[in-house]
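*Asks:* just the structure for this:
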Amino acid sequence: MMFHNHHDRSTHRARGKSLGIPELIAIALGGMVGGGIFTVLGISVSLVGAYTPLVIVIGGLIAALAAYAYIQLGVYYKDEGATYAFFKRTFPGSPFAASLIGWWIIFGYISTLALYAYTFASYAISGFAFADSMWTRKLVAGGIILVFTIINVLSVRGMGKLEDLMVYTKLVILAIISFVLINHSQTSLPALLADEGPVNPMTLLIVASITFVAYEGFQLVINAVNEMDTPERNIPRAIYAAIALAILIYVVIALGAILAIPFDEIVQNKEYALASGANNVLGHWGTDLVILGALLATSSAISGTVFGASRQMAVVAHDGYFPAFLAQRHNRIPVPAIVTMAALAFLLILAGNLQVILEFGSVTFLLVSLLMAVANFRIRHRTRSSLTLTLLSIAGLLTGTVLILYYEYTRQPEQLAFILTLYALLSIGAWSYARRQRRLAKDAPQKTGP
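*Replies:* Presented below is the predicted three-dimensional model:
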């Protein structure tokens, strides 16, 4: 057989009941609102200033286009393996297609793990004299990855309860932060826009694409397909509702930040922009609240990413596209995959800075979402997809990908070289394992013959 008929039964933690719309929305929001706004706010303000809320809305619309293909494929296949499983089943005759999507999606998750850990560290040390020490930040980022690696290896059940608590608490804190910031506004949006002047629409699209990773995570709903009733109805409702809520949360926080905190301060301290600004606007308690919100948001995202992505890595390894030891499980926990993901995320943190990690993550998820849109186009008659929406998804995601690469080429060619080198290495790895699987498939009949 070219592919093993194996699906990961525990991509999302098991629950003892059928999941309803509110719980599914919480799963998606837990994945998306995972430090994304804390990560992208400073970078976005440094590039487009007062237009940051508009950029966030555009990014959300791109995410909705990406979600269309995921939803159509998710309802059709009803496979909790999601991205990897969809592509493998849509192109069953191509080991390279399965291997490539496996490598790209797993390393996309590794980049988001690095991103969330880096943001956690930035906020964790923001109140200390060494807040701007790059190596201290990187070491703290490695430390928080280590903590959640140990927790995930030792206690899945305990991690599930802790993750629930973090998801709901962070949403409450984010709401409080937004309300307080808006009530301490120092200016108005029309005044800011007047000072800013006109902006190139191309720039807005570029920044929306760069910050696309803030919406990564909605596909976690599909991982829970075996734990919900009527997925045909619940998957689209939960995903679209979660994206709309994420847009609302991000826009309100961004509005509060740009109205209450001077731009110079946001840009100068973009790794921990909200905490830095909140100290002047809200005082010490406000800073503490912002830091607590950021630490909870990034912690829950780190936990969820380690949990779900490590199981995806084990599935890809079981199918022969990663080293075999990564498929091993101890008491159902993919320990080698968890440890390997953590180590690779720490290496990425050591090798890059916040912006290159952010951009690598956004490019990866734009590319993977584009491949999902192409897969949906291939079987659009079976998924009963709208040709117009399918083509619009492909066009939007392709445009976003090209714009990020164009931005890198014109502004930061050394970062583009770093990103392209990573993709070259990933593609070579995927090709080598696909070639190996093809060779094994050819040899298999000879070994099983009389």
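
*Asks:* now do the helices in the stretch 151-300 of the chain.
*Replies:* For the stretch 151-300 of the chain, applying DSSP state H, counting those that start in this stretch gives helices covering 156-183, 189-196, 201-210, 220-223, 231-260, 263-268, 273-282, 284-318.

*Asks:* okay, the residue minimising distance to the centre of the chain: pLDDT?
*Replies:* Closest to where the C-alpha atoms of the chain average out (CA atoms, centre = their mean) is Glu216, at 3.4 Å. pLDDT for Glu216: 84.

*Asks:* sorry, back to before: turn the helices of the stretch 151-300 of the chain into TSV, including distance to Phe107, mean pLDDT and mean neighbour count.
*Replies:* For every residue, glycine as well, the C-beta is placed using N, CA and C. As requested, the helices of the stretch 151-300 of the chain are exported to TSV (distance: least, CB to CB, whole Å; pLDDT from 0 to 100; neighbours: other CB atoms under 10 Å):
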stretch	distance to Phe107	mean pLDDT	mean neighbour count
helix 156-183	23	71	17
helix 189-196	36	82	12
helix 201-210	18	90	20
helix 220-223	18	81	28
helix 231-260	23	90	21
helix 263-268	30	80	16
helix 273-282	27	71	24
helix 284-318	10	83	24
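
*Asks:* between the ones you listed, which gets nearest to Leu47?
*Replies:* The closest of those to Leu47 is helix 201-210. By CB to CB, the value is 4.9 Å.

*Asks:* and Leu348, how far from Val368?
*Replies:* Computed with CB to CB, to the nearest Å, the distance linking Leu348 and Val368 is 17 Å.

*Asks:* Ala129: what secondary structure?
*Replies:* coil (DSSP: H, G, I helix; E, B strand; the rest coil).

*Asks:* for it, what are its contacts?
*Replies:* With contact set as CB atoms under 8 Å, 6 or more residues apart in numbering, Ala129 has no partners.

*Asks:* still on that earlier bit, isn't the residue nearest to the centre of the chain right next to Met32, touching?
*Replies:* Yes. The pair Glu216 / Met32 is scored as a contact, 6.9 Å apart, by CB atoms under 8 Å.

*Asks:* anything in contact with each of the two?
*Replies:* Here Glu216 and Met32 share no contacting residue, scored by CB under 8 Å, 6+ apart.

*Asks:* burial of the closest residue in space to the residue nearest to the centre of the chain that isn't next to it in sequence, as a residue count?
*Replies:* Excluding the flanking residues, the one nearest Glu216 by CB to CB, 6 or more residues apart in numbering is Phe365, at 4.9 Å. Phe365: 28 surrounding residues under other CB atoms under 10 Å.

*Asks:* could you do the one 4 residues further on as well?
*Replies:* Here the neighbour count serves as a burial measure; for Ser369 (other CB under 10 Å) it reads 30.

*Asks:* now it: which helix or strand?
*Replies:* helix 354-378 (DSSP states H and E).

*Asks:* looking at that helix now, give me its mean pLDDT.
*Replies:* 89.

*Asks:* and the contacts of the helix or strand just after that helix?
*Replies:* Next helix or strand after helix 354-378 toward the C-terminus (DSSP H and E): helix 380-383. With CB under 8 Å, 6+ apart as the test, helix 380-383 has contacts from 72-73, 75-76, 376, 387, 390.

*Asks:* do that again at 6 Å, thanks
*Replies:* For helix 380-383, the surrounding residues in contact (CB atoms under 6 Å, 6 or more residues apart in numbering) are 72, 76, 376, 390.

*Asks:* now the last one: how far from Glu216?
*Replies:* In this structure, Thr390 lies at 21 Å from Glu216, with CB to CB as the measure.

*Asks:* same deal with the third one?
*Replies:* In this structure, Asn376 and Glu216 are separated by 18 Å, where distance is defined by CB to CB.

*Asks:* same question, the second one
*Replies:* Here the distance between Tyr76 and Glu216 works out to 22 Å (CB to CB).

*Asks:* the first one too?
*Replies:* Remark: distance between Gln72 and Glu216 (CB to CB) = 19 Å.

*Asks:* ok, back up a step: contacting residues around the residue nearest to Glu216?
*Replies:* Phe365 neighbours (CB under 6 Å, 6+ apart): 108, 213, 216.

*Asks:* dump those into a markdown table; add distance to Ala67 as well.
*Replies:* Output for the contacts of Phe365, formatted as a markdown table (distance: CB to CB, whole Å):
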| residue | distance to Ala67 |
| --- | --- |
| Gly108 | 16 |
| Val213 | 15 |
| Glu216 | 11 |
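
*Asks:* which one of the residues you listed is nearest to Ala324?
*Replies:* Gly108 (22.4 Å).

*Asks:* reduced to three states, what does the closest one come out as?
*Replies:* Taking three-state DSSP, the label given to Gly108 is helix.

*Asks:* show me the contacts for it.
*Replies:* Neighbour list for Gly108: 364-365 [criterion: CB under 6 Å, 6+ apart].

*Asks:* go on, Ala314?
*Replies:* 327, 334, 337.

*Asks:* with adjacent residues omitted, what lies nearest to the second one?
*Replies:* Counting by CB to CB, 6+ apart, Pro334 lies nearest to Ala314, which is 3.8 Å off, once chain neighbours are set aside.

*Asks:* what's the spacing between the one you found and Ala351?
*Replies:* Distance, Ala314 to Ala351, by CB to CB: 25 Å.

*Asks:* equivalent analysis for Leu47, please.
*Replies:* 23 Å.

*Asks:* which of these two has more neighbours?
*Replies:* Higher neighbour count among Leu47 and Ala351: Leu47, with 20 against 13, using other CB under 10 Å.

*Asks:* could you find the closest non-adjacent residue to the more buried one?
*Replies:* Val207 (4.9 Å).

*Asks:* for Leu192, same thing?
*Replies:* Distances taken as CB to CB, 6+ apart place Ala50 nearest to Leu192, at 3.8 Å, with adjacent residues excluded.
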